[in-house]
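A.B. asks: Predicted model, plus sequence, below.
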Amino acid sequence: MAPKERKAKTPRCKTCGKLIRSPKDWGIGARVRRHYWREHPEAMRGER
């Protein structure tokens, strides 16, 4: 029996609910930061 392959989990935005997608070689933190800067810049600037 072959070992199971771990599939990377696609993060989901807690603000808009969209799946956060980007290049495979990016880490989850980088993906989330890129999404928030593009889609929710006011949250990244602290203007909530």
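C.D. replies: Thanks, I have the structure now.
A.B. asks: Give the helix, strand or coil label for the most centrally placed residue in the chain.
C.D. replies: Nearest to the mean C-alpha position of the chain, counting by Cα atoms, centre = their mean, stands residue 32 at 3.4 Å. Assigned with DSSP: H, G, I helix; E, B strand; the rest coil, residue 32 falls in the helix class.
A.B. asks: what's the helix or strand for the closest residue to residue 39 other than its chain neighbours?
C.D. replies: Leaving aside its chain neighbours, residue 39 sits nearest to residue 16 (6.5 Å; criterion: Cβ to Cβ, 6 or more residues apart in numbering). No exception for glycine: its C-beta is placed from N, CA and C like everyone else's. Taking DSSP states H and E as the criterion, no element holds residue 16; it sits outside all helices and strands.
A.B. asks: Please tell me how far residue 16 sits from residue 36.
C.D. replies: Between residue 16 and residue 36 the distance is 10 Å, computed by Cβ to Cβ, to the nearest Å.
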